[in-house]
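**Student:** Below is the structure, and that's it, no one-letter string:
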Ligand code: BG6
């Protein structure tokens with residue numbers, strides 16, 4: 001099919017002059033995602049001339065060795081020629097500040113360095129601080145930024161802070177973190193990142209629902225039977241065992257990524273595309289998720305941990321044999337649950353969500369199953385009852401939307417078979433540059449918080465999962481590992497559906 005739109009480039013106004021400081025600049029996130037995104041933005045002309053980065057970390061770099069480090073990583077992780085070129089130029093400008101995160105001294109030096117770098121590159125005193133560090137350091141760094149006077153916005157200069165996930169470890173720690181950071185920053189200066197919001201397919205949910213007239217009238221309890229959200233990964237914990245073993249699948253994926261998907265599906269139309277108009281509606285849905293009682297945790301929330309198995313034809317070890325994972329670990333690598341949204345639109349309609357590592361394939365999708373139409377007319381010719389319509393939003397790796405409906409199978413007898421109508425991004429828009437972080441970094445530079453989590457959204461997310469964390473920490477899992485790598489999770493997750501007369505999509 002001919003692409004209707006040529007390759008979609010990143011387009012927009014050039015971001016305001018600013019310097020970006022990356023805390024934890026020597027880590028994985030910087031080289032794999034932040035640098036490539038910056039290079040994509042830069043090569044598309046979206047960064048101000050002479051835009052630059054200052055790395056801040058404990059590692060023994062100086063200006064020269066840090067420039068070499070950036071150059072090496074640009075060469076390794078940036079492939080598109082224009083972006084690579086941009087990255088190599090950028091590597092000649094970057095700077096470095098060394099220091100421990102809770103010591104005030106290096107922040108004084110950082111302040112002087114920022115002033116010097118901003119002046120030399122004509123970048124005004126707009127500073128973007130990116131916290132790509134372990135979460136235990138978030139409050140400490142923000143405190144020190146405050147002490148050094150680095151976050152005061154004077155003379156129309158802005159100071160913004162991007163905070164990586166996880167935002168808190170549970171409800172109390174998230175509240176505490178909010179309290180700590182709002183002592184130093186205003187809510188407008190805080191950008192809590194959730195990289196799912198940088199994905200085009202996720203952003204498209206808003207367009208799909210509200211830029212089309214035909215879906216909204218049927219987007220409610222009268223026509224929808226249930227919603228399934230799946231975020232499956234075939235990877236295991238890789239090198240992240242030490243973080244993951246204390247987090248688990250619930251904390252890692254549910255209150256953030258999956259609730260973002262859920263809130264776009266469940267929200268009411270916002271009154272405008274303003275950041276707060278959209279976030280108000282998303283926050284309302286999250287607030288409306290029914291609190292899960294301890295009894296419901298036992299019956300409606302399923303946890304699993306992968307054992308050894310086969311992925312893509314090759315044997316892989318079980319979770320407990322992964323690096324830096326405790327041999328008897330009780331951490332879940334799979335979660336499935338049924339949630340109810342207590343509002344007018346969704347009353348009585350279950351949202352089934354699940355996520356897991358070491359599943360047969362990488363797949364993120366949202367399936368909206370509609371109510372069946374009466375089969376009466378077709379009873380005599382049809383052996384089985386008619387299947388319901390199914391709208392699937394494919395988030396990744398396939399990007400598109402498909403609608404399943406019944407059609408007459410050609411022949412003398414009236415027989416209904418399922419067929420699919422399918423839209424694929426690639427057919428219309430071609431390949432899109434990017435990691436997803438481009439939009440988020442750019443939006444922050446432009447002062448647009450739409451795609452970032454507001455404090456109340458984060459708290460609502462934790463409020464929902466808190467009872468599950470409580471019950472699960474009080475009751476050790478009995479049968480871990482309870483699913484083999486390369487399968488769709490524990491059998492209890494299937495039972496959760498069959499009890500309600502439903503099935504996960506992989507069992508269709
Ligand atoms: C991260 C989680 O936030 O998201 C990881 O910490 C997970 O455990 C990742 O693998 C999934 O992101 P994506 O974009 O690959 O779906």
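**Tutor:** Sure thing, it's come through. All values reported here derive from a predicted model rather than from experimental measurement.
**Student:** Contact partners for the residue nearest the centre of the chain?
**Tutor:** Centroid-nearest residue in the chain, with Cα atoms, centre = their mean: residue 196, separated by 2.6 Å. Applying Cβ atoms under 8 Å, 6 or more residues apart in numbering, we find residue 196 in contact with 202, 256, 257, 260, 261, 436. Every C-beta, even on glycine, is put in place using the N, C-alpha and C of the backbone.
**Student:** From the residues you listed, which land in helices?
**Tutor:** 202, 260, 261 (DSSP state H).
**Student:** Most neighbours among those, which one is it?
**Tutor:** The most neighbours of any of the ones in helices among the contacts of residue 196, using other Cβ atoms under 10 Å, belong to residue 261, which has 26 neighbours.
**Student:** wait, residue 351 sits on residue 341?
**Tutor:** Yes - counting by Cβ atoms under 8 Å, residue 351 touches residue 341, with 6.6 Å between them.
**Student:** Settle it for me: which of these two has more neighbours?
**Tutor:** For residue 351 versus residue 341, neighbours defined as other Cβ under 10 Å are more numerous around residue 341 (24 against 21).
**Student:** who does that one bridge with?
**Tutor:** The partner list for residue 341 in beta bridges (DSSP bridges) reads residue 289.
**Student:** Could you pull up the residues touching it?
**Tutor:** By Cβ under 8 Å, 6+ apart, residue 341 lies in contact with 266, 285, 288, 289, 290, 347, 349, 351.
**Student:** Whichever residue of the chain sits closest to the ligand in helix, strand or coil?
**Tutor:** Closest to the ligand within the chain is residue 252: 4.7 Å, counting by Cβ to the nearest ligand atom. Secondary structure assignment for residue 252 (DSSP: H, G, I helix; E, B strand; the rest coil): helix.
**Student:** number of nearby residues for it?
**Tutor:** 22.
**Student:** what about it, distance to residue 402?
**Tutor:** As defined by Cβ to Cβ, to the nearest Å, residue 252 lies at a distance of 28 Å from residue 402.
**Student:** same deal with residue 50?
**Tutor:** Residue 50 is 46 Å from residue 402, where distance means Cβ to Cβ.
**Student:** try residue 221
**Tutor:** In terms of Cβ to Cβ, residue 221 sits 23 Å off from residue 402.
**Student:** Kindly report the same for residue 194.
**Tutor:** Using Cβ to Cβ, residue 194 is found at 26 Å from residue 402.
**Student:** More neighbours: these two, which one.
**Tutor:** Shown here are residue 194 and residue 402; by other Cβ under 10 Å, residue 194 has more neighbours (22 against 17).
**Student:** Low-confidence stretches in the protein?
**Tutor:** Scanning the chain for pLDDT under 70 picks out the ranges 1-11, 383, 431-433, 507-508.
**Student:** okay, which residue of it is out on the far edge from center?
**Tutor:** In the chain, the greatest distance from the average C-alpha position (Cα atoms, centre = their mean) is reached by residue 412, at 49.8 Å.
**Student:** What is the burial count for the nearest residue in space to residue 253 that is not next to it in sequence?
**Tutor:** Leaving aside its sequence neighbours, residue 253 sits nearest to residue 355 (Cβ to Cβ, 6 or more residues apart in numbering; 4.4 Å). Using other Cβ under 10 Å, the number of residues around residue 355 comes to 24.
**Student:** close to the ligand, is the helix or strand containing residue 355?
**Tutor:** Assigned by DSSP states H and E, residue 355 falls within strand 350-356. No - judged by Cβ under 6 Å from any ligand atom, strand 350-356 stays clear of the ligand, getting no closer than 8.8 Å.
**Student:** Confirm that residue 119 sits in a helix.
**Tutor:** Yes - assessed with three-state DSSP, residue 119 lies in a helix.
**Student:** Tabulate the contacts of residue 341 (CSV), appending distance to residue 61.
**Tutor:** Shown next, in CSV, are those (distance: Cβ to Cβ, whole Å):
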residue, distance to residue 61
266, 46
285, 45
288, 48
289, 45
290, 50
347, 57
349, 54
351, 47
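**Student:** What are the buried residues along stretch 41-49?
**Tutor:** Of the residues in stretch 41-49, 41, 42, 43, 44, 46, 47, 48 count as buried by neighbour count, 16 or more other Cβ atoms under 10 Å.
**Student:** I'd say residue 363 and residue 228 touch.
**Tutor:** No - contact criterion Cβ under 8 Å: residue 363 and residue 228 do not qualify, at 11.7 Å.
**Student:** More neighbours: which of the two?
**Tutor:** Neighbours were counted for residue 363 and for residue 228 using other Cβ under 10 Å; residue 228 has more, 23 against 18.
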